[in-house]
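Engineer: Please work out how this folds:
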Amino acid sequence: MLLQIVLLGLGATLVMDAWALLRKRLWGMASLDYALVGRWLGHMPAGRFRHPAIAQARPVAGERALGWVFHYLTGLVFAALFVWLSGASWLCQPHLLPALGFGAVTVLLPMLLMQPGFGMGIAARRTPRPWLARRRALLTHLVFGLGLYLTGWLLSHLGCVS
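Structural biologist: Residues are numbered from 1 along each chain as shown. Predicted coordinates for the structure are as follows:
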């Protein structure tokens, strides 16, 4: 079951990243630069959790790699939490609505932790167009939920172990 959870998290995160690439290619919409996530994390050991503007903060060695590793580890943790909350039986019979609901709820973490830490305020309230940022974040996390479902469906058809 651990392997299924790891594959579920990787698959859902890959679907989310594919969505980001599609948005960029079709509509020119830039996605989150994971180097900035790494920069934010890289300042934490020194006790710096919030920045006026993360892009203006001092760069951290290896920030891009750190940001991407954290991004995928977050996907794994979210997948494990989802399976724990929905039950291991979900892995054998995945349903779309719980996955989408969970994806929607996961948007709270960036809105309440990462965006304030980046200097954007809670739920991007300090950005020029906060509702646009909120809608994009919610849509991205719904796509993560869709990724949970699609990956779960694929894994259940390859053989279920619960």
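
Engineer: low pLDDT regions in the chain?
Structural biologist: By pLDDT under 70, the low-scoring segments of the chain are 161-162.

Engineer: Mind naming the longest helix for it?
Structural biologist: helix 130-158 (DSSP state H).

Engineer: Does anything pack onto that helix? Which helices or strands?
Structural biologist: Contact here means 3 or more Cβ pairs under 8 Å, 6 or more residues apart in numbering; DSSP states H and E; on that basis helix 130-158 packs against helix 2-27, helix 63-86, helix 96-106. C-beta coordinates here come from the backbone N, C-alpha and C atoms, glycine included.

Engineer: List the buried residues of it.
Structural biologist: By neighbour count with 16 or more other Cβ atoms under 10 Å, helix 130-158 contains the buried residues 130, 133-134, 136-137, 140-153, 155-156.

Engineer: want to throw the helices and strands packed on helix 130-158 into a markdown table with distance to Ile54 and mean neighbour count?
Structural biologist: As requested, the helices and strands packed on helix 130-158 are exported to a markdown table (distance: least, Cβ to Cβ, whole Å; neighbours: other Cβ atoms under 10 Å):
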| stretch | distance to Ile54 | mean neighbour count |
| --- | --- | --- |
| helix 2-27 | 18 | 17 |
| helix 63-86 | 10 | 17 |
| helix 96-106 | 20 | 18 |
